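1. coords please:
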Amino acid sequence: MLANALSHRLGPERAASASLAAGALVGCAVIAAVDPERGGPYPVCPTRALLELDCPVCGTLRGLHALSRGHVAAAVSHNVLLLVAVPIGVAVWLRWVMGALGRSGPVLVTPSWAIPTVIAVAAVFTVARNVPVPALSWLGST
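-> Residues are numbered from 1 along each chain as shown. Coordinates of the predicted model:
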């Protein structure tokens, strides 16, 4: 119902941008308010539950919660990939906001090499953070 009202008032593209921007903001507010260490409405990582291994995004909720409290070092200790993911996420969110405001911003073009690179980094990161080598223990999500 709200989506229809937004779409009618703003147009479908601006309504979609507004909905995505608002949804991301609400999600961040929930993560900031409810500590994942203490439970909450968060899903369980299937990789962690089934294989007892850290997936590439394990620790992200705890890291985002720490980041919302201004604890950058703690956030990075939960998942070092947040150093790259947060700036990209902020750029995408700002693009949604600009779209909702009806302003054209910079076009976010994904280079052809980006997706294979992300997959390779995620795969190497997953293996490295799960290898029982003391020198790599800092990559774990704890």
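2. in the strand or helix carrying Ile119, what counts as buried?
-> Per DSSP states H and E, Ile119 falls inside helix 114-130. For helix 114-130, the neighbour count (16 or more other C-beta atoms under 10 Å) marks Val118, Phe125, Thr126, Arg129, Asn130 as buried. All C-beta spots, glycine's among them, are computed from the backbone N, C-alpha and C.
3. which secondary element of the protein has the worst mean pLDDT?
-> Of the helices and strands making up the chain, the lowest-confidence element is helix 2-10, at a mean of 56, by mean pLDDT, DSSP states H and E.
4. my read: Val30 touches Pro41, true?
-> Yes. The pair Val30 and Pro41 passes the contact test of C-beta atoms under 8 Å, sitting 7.0 Å apart.
5. the more surrounded of these two?
-> Val30 (14 against 7; other C-beta atoms under 10 Å).
6. return the backbone torsion pair for the more buried one.
-> Per-residue torsions, Val30: phi -60, psi -40 (degrees, to the nearest 10).
7. who are the neighbours in contact with it?
-> Gly40, Pro41 (C-beta atoms under 8 Å, 6 or more residues apart in numbering).
8. could you do Val34 as well?
-> Gly40, Pro41, Tyr42, His65.
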